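**Student:** next comes the sequence, and after it the predicted model I'd like to discuss.
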Amino acid sequence: MLFTACLLDQARQHPAMQPQDALKMCYQAAFGAEHLLSDPSAARRYLLAELSACGENAAEPLSEPLSEDTVRVNLRAWNALHLPQEWLFSLFSRSCRPRAQGDTRFSQYLSIVDTLCAAEKLPFSAAQWQAEKNACLSDGIHAVHHSARYRAAEQPAYRIISARLARMLPLLTAAASRTGICIIALDGRAASGKTTLSADFSSITGAGVIHMDDFFLPAALRTPTRLSQPGGNVHYERFRDDVLPHLVHPDAFAYPRFDCASMTFSESQQVAESRIRLVEGAYSCHPQLGEYMHVRAFSDVEKTEQLLRIRTRDGDEQLQRYQERWIPMEEAYIRTYGIRENAAIIL
């Protein structure tokens, strides 16, 4: 979501917003919360104390976008969902980015507030905004507090995280809602961010990850009959034998990894000990694998963005191969088995 839409949405959700609060939002959207992480240990203690003291509010949204790549996570909503406190600190600390990366964005965001004030679309005047902006920035760019009016009316309690990490919030909520083993299948389209998301998710939760890319079909089994089946290019028989028996236990295990580049089996893939298991990749919800998962998730991407990502990642030659072969096969599988429609979580 672009900053203009986010700012207007924040003004609607939090009508006590003052010029100082808009300035704070500009700073948060541009720089994240890097100023709070100069002492990580102190930041962690402060967050855990605030989480313990702020109570719960299931009516609050868990997250509110502040810009296209910055999100506010509300602490009372986090508590209401019984999400682990350490997960939030990990999200928060991993969202820090160097200050220099936000300087241009900060100026752009200030200009957007200028424009919206001039159009009388914010709950304060252009004159009020200019006076606050000039006073606050007279000694350089720095973080500011919420206004007294905003604090009294809104009682803000939140942390800032990156939108990339915020994408996994539905998965974190699903994992936290189960007390025992939680098995998540993350299916989706090529270049939709499944592998990156699974790595982030594992780093936050300690989940053991199984990659469906390790189960593509060996050459000897790639018959015309097999490949004509939707999703037939995945070695679901081996997945059933080598992975499914282990998913119901938290113990670490390993499975043989098939390397598509060499078309041979390479070193074993280790899966960490954890009560949370994440099976990521296209075909992870194939009907031949059965109803092994507790949560079905689908990672989506718009077509133009998908092709751009593949070209950037793999080059033009591989892009052509994806367009001619892999994407049509994935789309046939998704369409035939209603993979997106049957997912409980769409990312």
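**Tutor:** Great, that's in hand.

**Student:** could you use CA atoms for every contact and neighbour count after this?
**Tutor:** OK.

**Student:** quick one: low-confidence parts of the protein?
**Tutor:** Within the chain, the segments meeting pLDDT under 70 span 1, 34-36, 97-102.

**Student:** list the contacts of the most centrally placed residue in it.
**Tutor:** With distances taken as Cα atoms, centre = their mean, the residue of the chain nearest its centroid is Arg167 (2.1 Å). Counting by Cα atoms under 8 Å, 6 or more residues apart in numbering, Arg167 touches 197, 347.

**Student:** relative to Thr70, how far out is it?
**Tutor:** Distance of Arg167 to Thr70, given as Cα to Cα, to the nearest Å: 11 Å.

**Student:** my read: Leu347 touches Phe298, true?
**Tutor:** Yes. Under the criterion of Cα atoms under 8 Å, Leu347 makes contact with Phe298 at 6.0 Å.

**Student:** those two - which one has more neighbours?
**Tutor:** Neighbour count, other Cα atoms under 10 Å: between Leu347 and Phe298, Phe298 has more, with 26 against 19.

**Student:** partner residues bridging that one?
**Tutor:** Counting by DSSP bridges, Phe298 forms beta bridges with Asp187, Ile346.

**Student:** list the contacts of it.
**Tutor:** Contacts of Phe298 (Cα under 8 Å, 6+ apart): 186-188, 339-340, 343, 345-347.

**Student:** pull up the distance across stretch 55-62, start to finish.
**Tutor:** End to end - Cα to Cα - stretch 55-62 spans 14 Å.

**Student:** name the residues of it that come out as buried.
**Tutor:** 56-57, 62 (16 or more other Cα atoms under 10 Å).

**Student:** pull the residues that contact that stretch.
**Tutor:** Contacting residues not belonging to stretch 55-62 are listed as 73-81 [Cα under 8 Å, 6+ apart].

**Student:** quick one: buried ones out of those residues?
**Tutor:** Among the contacts of stretch 55-62, those buried by neighbour count (16+ other Cα under 10 Å) are 73-79, 81.

**Student:** how far away is the residue nearest to the centre of the chain from Thr223?
**Tutor:** From Arg167 to Thr223 the distance is 38 Å (Cα to Cα).

**Student:** ok so, going back, got JSON lines for the buried residues of stretch 55-62, with distance to Glu50 and secondary structure too?
**Tutor:** Formatted as JSON lines, the buried residues of stretch 55-62 follow (distance: Cα to Cα, whole Å; DSSP: H, G, I helix; E, B strand; the rest coil):
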{"residue": "Glu56", "distance to Glu50": "12", "secondary structure": "coil"}
{"residue": "Asn57", "distance to Glu50": "14", "secondary structure": "coil"}
{"residue": "Leu62", "distance to Glu50": "16", "secondary structure": "coil"}
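
**Student:** would you turn those into a markdown table with distance to Arg151?
**Tutor:** As requested, these are arranged in a markdown table below (distance: Cα to Cα, whole Å):
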| residue | distance to Arg151 |
| --- | --- |
| Glu56 | 17 |
| Asn57 | 17 |
| Leu62 | 19 |
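
**Student:** from those, which is closest to Ala153?
**Tutor:** The closest of the buried residues of stretch 55-62 to Ala153 turns out to be Asn57 (Cα to Cα; 15.4 Å).

**Student:** how much space between that closest one and Arg72?
**Tutor:** Between Asn57 and Arg72 the distance is 15 Å, computed by Cα to Cα.

**Student:** ok, now Met263?
**Tutor:** The gap separating Met263 from Arg72 is 45 Å, by Cα to Cα.

**Student:** the more surrounded of the two?
**Tutor:** Taking neighbours as other Cα under 10 Å, Met263 and Arg72 compare with Arg72 leading, 24 against 12.

**Student:** any idea which element that one lies in?
**Tutor:** Taking DSSP states H and E as the definition, Arg72 sits inside strand 70-74.

**Student:** elements contacting that strand?
**Tutor:** Judged by 3 or more Cα pairs under 8 Å, 6 or more residues apart in numbering; DSSP states H and E, strand 70-74 is in contact with strand 63-67, strand 158-162, helix 163-166.

**Student:** show me what the last one is in contact with.
**Tutor:** Outside helix 163-166, the residues within contact range by Cα under 8 Å, 6+ apart are 63, 65, 68-71, 91, 95, 197, 200.

**Student:** and the angle for the next helix or strand after that helix with strand 63-67?
**Tutor:** Scanning forward in sequence from helix 163-166 by DSSP H and E, the next helix or strand is helix 169-176. Calculated by axes from the mean of the first three to the mean of the last three Cα atoms, to 10 degrees, helix 169-176 forms an angle of 160 degrees with strand 63-67.

**Student:** helix 169-176 vs strand 70-74, what angle?
**Tutor:** 30 degrees.

**Student:** can you list the domains in the chain?
**Tutor:** Residue ranges for each domain of the chain read 3-165, 169-346, as given by automatic domain parsing.

**Student:** the helices in the stretch 151-300 of the chain, which residues?
**Tutor:** All helices of the stretch 151-300 of the chain, identified by DSSP state H, counting those that start in this stretch, fall at 163-166, 169-176, 194-205, 224-227, 236-242, 244-247.

**Student:** return the set of buried residues in stretch 178-192.
**Tutor:** By neighbour count on 16+ other Cα under 10 Å, the buried set for stretch 178-192 is 181-192.

**Student:** check the gap between the residue nearest to the centre of the chain and Ser262 for me.
**Tutor:** Distance from Arg167 to Ser262, by Cα to Cα: 33 Å.
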